[in-house]
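Trainee: Generate a structure from the sequence data that follows.
(chains A, B, C and D)
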Number of protein chains: 2
Amino acid sequence: MAGSTLRDVARRAGVSIRTVSNVVNGSVPVSDELRVRVQAALDELDYRPNLVARNLRRGRSGMIALVVPELDVPYFAELAREVITAARTHGYVVMLDQTDGDGERERELLGRESRATMFDGLLLSPLSISADELRRRTNRVPVVLLGEHIFNGSFHHVAIDNVAAARDATEHLLGLGRRRIAAIGDQPYSTGETAQLRTTGYRQALERAGLTVDEQLIVPTPRFHRHLGAEAMERLLALPEPPDAVFCYNDLLAIGAMHTLARAGVRVPDDIAVVGVDGIQEGRYSSPSLTTVAPDKAAIARTAVSTLLGVIDGSAPAPTEAKAPHRLLVRQSTTGAPVD
Amino acid sequence: MAGSTLRDVARRAGVSIRTVSNVVNGSVPVSDELRVRVQAALDELDYRPNLVARNLRRGRSGMIALVVPELDVPYFAELAREVITAARTHGYVVMLDQTDGDGERERELLGRESRATMFDGLLLSPLSISADELRRRTNRVPVVLLGEHIFNGSFHHVAIDNVAAARDATEHLLGLGRRRIAAIGDQPYSTGETAQLRTTGYRQALERAGLTVDEQLIVPTPRFHRHLGAEAMERLLALPEPPDAVFCYNDLLAIGAMHTLARAGVRVPDDIAVVGVDGIQEGRYSSPSLTTVAPDKAAIARTAVSTLLGVIDGSAPAPTEAKAPHRLLVRQSTTGAPVD
DNA sequence: CCCACGCTTTGCAACGATGCAGAGATGATG
DNA sequence: CATCATCTCTGCATCGTTGCAAAGCGTGGG
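Mentor: Reported below is the predicted structural model:
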């Protein structure tokens, strides 16, 4: 009942512990006669290997940790799903933790008393910890970073091309004839790299189209949540000359913005077109459905996991910069066409 | 670099391994002089305890697993967030896995080669595994079940009162004067207990109001996903006499249903009122915003975690049935009033 | 002056598994 | 028939930590 060990099984089958281990692992040949006897004992005692002990001996835990800011943000939930799936194909399981974007929590995670040592590696989607700090603290555990923040070449890193993604979104709006295009989600301070890259892409698209950027139309938000998108949209509507399109830095901001527009009786896309980033499922069924730039989350997850495992087994020590593909999904919020 | 051990630190400080251990753990008193010396060595070598070894010795891992069908289903993501938070207050971390509602995967999880032995306990939200099977397989690991499925008294179990929740939702619609109320999401087969309980509550409400149930208006769905809600709604609209309200067994079904209604030009709530269950964030910002019966997820998580820890430390061996509270959040999809 | 007591410190064993090297049995070969 | 290679099987050491019991040491009381 309380969990039988190799010893118990060995005693019962009248063989050595080592032989039982060989039967369990199947790596070393065992004679048919003994194998049958041992197998019977294994079944009778319902033996289950103690993985903690196995891990100690083997020096590997078969676990990686995925740390995201917030698990209830759909993008991270969907990404987590893909990471768990990708890890499983390599025989790994995933421990999940969330930092709430709290730098303290992120720091704690890498501190001395953390459980990080229990994992073979760490996938980290950092929000507020700085590059230096991260470098100082992660000299033990293999780390791969997800998303933009911190990538000055000292860490393995997987992300989409955020500048191109933002440019694609903005150019889509330009292609629809919109000329007064707002942007929601800039973060013009040290830890807002992702947002800043998207701002760059937004500016590039406008400039290439020969338009000047109206700084009033760039509304910063401290995070990427629905209610902040709603508030930002209110500010845009209050302008003397409101926009005819909005590029939101993620889908949640876009959904918040559309919420405000619906309440204000502004038609989407007729009066204002809306596009987001992330390609979350929620956007397929919103009213109107949301045009979005969707990162290939499965690709991000696969790349991140295999990179991390490469670091773990020492075959890929030099930091890599991997770019995952993204594509524009056109839906009602920009074209009005009820596509799915 | 490769991780120093107690041995390394002991050698450096010129004391025994045991003393270093005592300093690290702080449980046994150590003289000031030695403590300082050992601490210095700890710092110099940047010692981090090997948690795998510690776990082996202590027989506890400080980890629990949370297994849900799909992490990208918002309800589970939001619940997972709460579970992680609740576990953290007890010093536990959470490993997350998903089964995709696949019975095979659920079985595998409890099978001989599973990693379940690595965890002190298991929070399981089962979809398709049967009670018998579960009982046969979990004689090793402490388990607490989340949600309805399987609760014949042999397992610890935390859920809301699904009958009451469904009744509340239906009565809300009745209170608005609706009389032809449909239900989307029944699952009239062995593993659909949750759905069946909601059907029971739905029937109760109608019967108490003196109405007869029109079986045509109960549309089953194999899962609780947006597209199935959309399809179900199409079937209801095709009826000679469509409903004037719909009770959906979860918010995703409701959002799918509203998607169909929007495309068909049916007004919500004027023509058809819609109510869901789960209280996911998505429903606050949908257009129209979604009336829903919201389980207290934080309460579910807290109760589940503390129950599980009780089982683990042996203080709560007898299976308990815990009911978490729920409440109706009234929004536009039933009243038209733009409440947040 | 000796003994007992309390406090700190230590060595040994153990948690349950696997790597390694060698023991024993078996069969093939000269 | 002796020798050697081959194939199973086994015992021992080890992964890094903590529980346990006892050793060492200093102090105070009889």
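Trainee: Enumerate the residues of chain A near DNA strand D.
Mentor: Proximity of chain A to DNA strand D, by CB under 7 Å from any atom of the strand, involves residues A:15-19, A:22, A:28-31, A:33-35, A:53, A:56-57, A:59. From N, CA and C alone the C-beta is placed, and that goes for glycine too.
Trainee: Out of the residues you listed, which are close to chain B?
Mentor: Restricting those to those near chain B by CB under 8 Å from any CB of the partner chain leaves A:53, A:56.
Trainee: Drop anything exposed from the residues of chain A next to DNA strand D.
Mentor: A:15, A:19, A:22, A:30, A:34-35, A:53, A:56 (16 or more other CB atoms under 10 Å in any protein chain shown).
Trainee: which among these are in contact with DNA strand C?
Mentor: Filtering these for neighbours of DNA strand C using CB under 7 Å from any atom of the strand leaves A:53, A:56.
Trainee: Inside strands: which ones of the buried ones among the residues of chain A next to DNA strand D?
Mentor: Residues of these located in strands (DSSP state E): none.
Trainee: Restricted to helices, list the buried ones among the residues of chain A next to DNA strand D.
Mentor: A:19, A:22, A:34-35, A:53, A:56 (DSSP state H).
Trainee: what ranges do the helices span in the stretch 201-340 of chain A?
Mentor: Along the stretch 201-340 of chain A, the segments classed as helices by DSSP state H, counting those that start in this stretch run A:226-237, A:251-264, A:282-285, A:297-312, A:332-335.
Trainee: I'd like those as a markdown table, with distance to chain B appended.
Mentor: Converted to a markdown table, those look like this (distance: least, CB to the nearest CB, whole Å):
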| stretch | distance to chain B |
| --- | --- |
| helix A:226-237 | 5 |
| helix A:251-264 | 4 |
| helix A:282-285 | 5 |
| helix A:297-312 | 9 |
| helix A:332-335 | 9 |
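Trainee: Is it possible to get a markdown table of the ones you listed that adds mean neighbour count?
Mentor: Shown next, in a markdown table, are the helices of the stretch 201-340 of chain A (neighbours: other CB atoms under 10 Å in any protein chain shown):
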| stretch | mean neighbour count |
| --- | --- |
| helix A:226-237 | 21 |
| helix A:251-264 | 26 |
| helix A:282-285 | 24 |
| helix A:297-312 | 22 |
| helix A:332-335 | 23 |
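Trainee: can you list the ones you listed in a markdown table and add distance to DNA strand C and mean pLDDT?
Mentor: A markdown table is the format used below for the helices of the stretch 201-340 of chain A (distance: least, CB to the nearest atom of the strand, whole Å; pLDDT from 0 to 100):
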| stretch | distance to DNA strand C | mean pLDDT |
| --- | --- | --- |
| helix A:226-237 | 48 | 98 |
| helix A:251-264 | 45 | 96 |
| helix A:282-285 | 44 | 96 |
| helix A:297-312 | 16 | 94 |
| helix A:332-335 | 54 | 95 |
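Trainee: looking at those helices, which is closest to B:A257?
Mentor: When the helices of the stretch 201-340 of chain A are compared by CB to CB, helix A:282-285 sits nearest B:A257, at 9.7 Å.
Trainee: So which elements touch the closest one?
Mentor: Helices and strands touching helix A:282-285, by 3 or more CB pairs under 8 Å, 6 or more residues apart in numbering or on different chains; DSSP states H and E, are helix A:251-264, helix B:226-237, helix B:251-264.
Trainee: Turn those into JSON lines, columns for distance to B:T5.
Mentor: Listed next are the helices and strands packed on helix A:282-285 as JSON lines, based on distance: least, CB to CB, whole Å:
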{"stretch": "helix A:251-264", "distance to B:T5": "46"}
{"stretch": "helix B:226-237", "distance to B:T5": "52"}
{"stretch": "helix B:251-264", "distance to B:T5": "50"}
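Trainee: Perfect, I'm done here.
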